[in-house]
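J.: Model the structure of this input:
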Amino acid sequence: MKISVFGLGYVGCVSAACLAARGHQVVGVDVNPVKIDLINRGQAPVVEERIGELTAEVVRSGALRATTDVDEAVTASAVSLICVGTPSAPNGSLATTYLERVAEQIGTALTHKRERHTVVFRSTMLPGTCLNLLVPILEKASGKTAGVDFGVAVNPEFLREGTSVRDFFEPPKTVIGELDPVSGETVAALYAGLPGEVFRVPIPVAEMTKYADNSFHALKIGFANEIGAISHALGLDSHSVMDIFLADRKLNVSPAYLRPGFAFGGSCLPKDLRGLVYAARRADVSVPILEHILPSNDEHLRRAFDLVAATGKRKIGLFGLSFKPGTDDLRESPLVELAERLLGKGYDLRIYDANVTLSRLMGANREYIESRLPHLGDLLSSSVDEVLAHAEVCVAGSKDPDVLAALNQAGDRVIIDLVRIPGAGARRAEPGYVGLGW
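T.: Now for the predicted structure:
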């Protein structure tokens, strides 16, 4: 394919050279004439493993060249990859000046072009930037309609400085946010044959994936460093601690606990977090990430309460009460906390949980619920249909088959889904259905 790459920093330079090495004809575009001259002489404008040799090779073969002429580059290509910078503004917002400028330049160049052209944004940008800001600029400058007269896609990069070339050829995944299927097919063809799963998704989803990745990477580093600081203060070898942590591929380094849902609870997580934060304070070690996990969890619980309050209705059916499906453990269950808040605000509440029977609760479990919901016997029903009949608002805190069957008969009642019940994706378009985080 014939490709133009706008912005020849780390991402653009590596993308251009690697695409050229895969057999595509690539022209790089940048406002900096020094970068243009370097590439045309076969030299990479960045220092990076393998990029120097690769750039020299593809320039020598004629597969890569560079120019400052936007019109010429767009005319000579079928696809334009936008790799310009999106730095932070002083207030933390995204600076889109370079993206807007390039979008306008490419749009203007498209006015003279008859063949279909696909504009692909690889720059990191917040969800909504492409559709709400950049597509209108492209359409206004070109006088054409996106998805009809030209293609648009978002193709975030997952390249690490220092190993960018290796990461390009061995990607963990390829994400393509497509405005239309033809645009998606065009981008997919650029990477055909490379390893890793390919995700073709709506454009805002593709924009969000890079932020999810980088935020989690930052969280992991911060978490490891705080564990290291506490371990050091307690005279422990933090690397020995983390070697054991990392050996667990079932729960610790895995997809476990990484699906959005309701708040966590139970007899372990809250208690152990409090204990570790207390130990850190005693050792005069500041651990802001660990200290804010429980407040973050409480905020998520508050979101659920606010969704109920926003309905303006007073009769609530809560389906689920234990902290984990298949158990009757109510200790620090977020559903118990939600029930307590609803009762405290005067809501008329009925509860169904197939695993919770008041007469069978014993020991610490019974003591806990008697201190939090002393009138549970008046609220708890053994009949899912009875709770459904009472409810104006159904709060789904369980995916038990009997609960799902009842919710399918909810009619025009409001359903507030805390657990992502089956078919939630389709239900999102239905009036009355509200997902907690989806």
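J.: got the residue ranges for the strands in this protein?
T.: Under the criterion DSSP state E, strands of the chain are mapped to 2-6, 25-29, 64-67, 79-82, 118-121, 151-154, 173-178, 197-201, 315-319, 348-352, 380-381, 393-396, 414-417, 433-435.
J.: how far away is Tyr347 from Val31?
T.: 60 Å (CB to CB, to the nearest Å). Any C-beta I mention is one placed from the backbone N, CA and C, and that applies to glycine too.
J.: what do you get for Phe223?
T.: Using CB to CB, Phe223 is found at 40 Å from Val31.
J.: cool, Met1 as well?
T.: 24 Å.
J.: go on, Ala95?
T.: Going from Ala95 to Val31 by CB to CB gives 16 Å.
J.: When those two are compared, which one has more neighbours?
T.: The residue with more neighbours, out of Ala95 and Val31 and counting by other CB atoms under 10 Å, is Val31; that gives 16 against 13.
J.: What does the pLDDT read for that one?
T.: Per-residue pLDDT puts Val31 at 95.
J.: residues contacting it?
T.: Counting by CB atoms under 8 Å, 6 or more residues apart in numbering, Val31 touches Thr68.
J.: remind me which residues of the stretch 251-400 of the chain are low pLDDT?
T.: 359 (pLDDT under 70).
J.: which residue ranges form the helices in it?
T.: 269-282, 288-291, 293-311, 334-344, 363-372, 376-379, 384-390 (DSSP state H, counting those that start in this stretch).
J.: Could you report the neighbour count for Gly85?
T.: The burial count for Gly85: 15, using other CB under 10 Å.
J.: you'd agree it is up against Gly7?
T.: Yes: in this structure, Gly85 is within contact of Gly7 by CB atoms under 8 Å, at 6.9 Å.
J.: Please enumerate the shared neighbours of these two.
T.: Here Gly85 and Gly7 have Tyr98, Ser123 as joint contacts, going by CB under 8 Å, 6+ apart.
J.: tally of neighbours for Ala103?
T.: So Ala103, with other CB under 10 Å, has 28 neighbours.
J.: Might you report the residue contacts of it?
T.: Ala103 is in contact with Ile82, Val119, Leu134, Ile137, Leu138, Ala141, counting by CB under 8 Å, 6+ apart.
J.: any idea how far it lies from Ala78?
T.: Where Ala78 is concerned, Ala103 sits at a distance of 18 Å (CB to CB).
J.: Leaving out sequence neighbours, find the closest residue to Ser233.
T.: Residue 233: Ala, not Ser. Excluding its sequence neighbours, the residue lying closest to Ala233 (CB to CB, 6 or more residues apart in numbering) is Ala283, at 3.8 Å.
J.: for Gln105, same thing?
T.: Val70 (4.6 Å).
J.: for that neighbour, what are its contacts?
T.: Counting by CB under 8 Å, 6+ apart, Val70 makes contact with Phe6, Val29, Gln105, Ile106, Thr108, Ala109.
J.: For the residue most central in space within the chain, give me the pLDDT.
T.: Centroid-nearest residue in the chain: Ala212, 3.8 Å away (criterion: CA atoms, centre = their mean). Note for Ala212: predicted pLDDT of 97.
J.: what's the answer for the one 4 residues further on, then?
T.: Among the per-residue scores, Phe216 shows a pLDDT of 97.
J.: What count of nearby residues applies to it?
T.: There are 11 residues near Phe216, going by other CB under 10 Å.
J.: how far away is it from Val154?
T.: 19 Å.
J.: Please measure how far the first residue of stretch 373-381 sits from its last one.
T.: 14 Å (CA to CA, to the nearest Å).
J.: what residues does it touch?
T.: So stretch 373-381 is contacted by 321, 336, 339-340, 343, 349-353, 356, 358, 369-370, 387 (CB under 8 Å, 6+ apart).
J.: Tyr98: what's it in contact with?
T.: Contacts of Tyr98 (CB under 8 Å, 6+ apart): Gly7, Val84, Gly85, Thr86, Ser123.
J.: Oh, that last question was meant for Leu190, not what I typed.
T.: Met1, Ile3, Leu19, His24, Val79.
J.: who does the longest helix along the chain touch, helix- and strand-wise?
T.: As assigned by DSSP state H, the longest helix anywhere in the chain is helix 203-233. In terms of contacts (3 or more CB pairs under 8 Å, 6 or more residues apart in numbering; DSSP states H and E), helix 203-233 is packed against strand 151-154, strand 173-178, helix 238-247, helix 269-282, helix 288-291.
J.: Among the ones you listed, which comes closest to Gly52?
T.: Proximity to Gly52 (CB to CB) singles out strand 173-178 among the helices and strands packed on helix 203-233, at 25.5 Å.
J.: pLDDT of the closest one, averaged?
T.: pLDDT averaged over strand 173-178 gives 98.
J.: mind listing what that strand pairs with, with the direction of each?
T.: Here strand 173-178 is paired, per DSSP bridges, with strand 151-154 (antiparallel), strand 197-201 (parallel).
J.: who touches the shortest one?
T.: What that stands for is strand 151-154. By CB under 8 Å, 6+ apart, strand 151-154 touches 116-122, 125, 130, 134-135, 138, 146, 176-180, 182-184, 186-187, 203, 206-207.
J.: ok, now the last one?
T.: Contacts of strand 197-201 from elsewhere in the structure, counted by CB under 8 Å, 6+ apart, are Lys173, Thr174, Val175, Ile176, Gly177, Glu178, Gly184, Ala188, Tyr191, Ala206, Thr209.
J.: with these in mind, which one is nearest to Thr55?
T.: For these, the nearest to Thr55 is Tyr191 (19.6 Å; CB to CB).
J.: burial count for the nearest residue to the closest one once chain neighbours are set aside?
T.: Spatial nearest neighbour of Tyr191, excluding adjacent residues (CB to CB, 6+ apart): Thr174 at 5.2 Å. A count of neighbours around Thr174, defined by other CB under 10 Å, yields 21.
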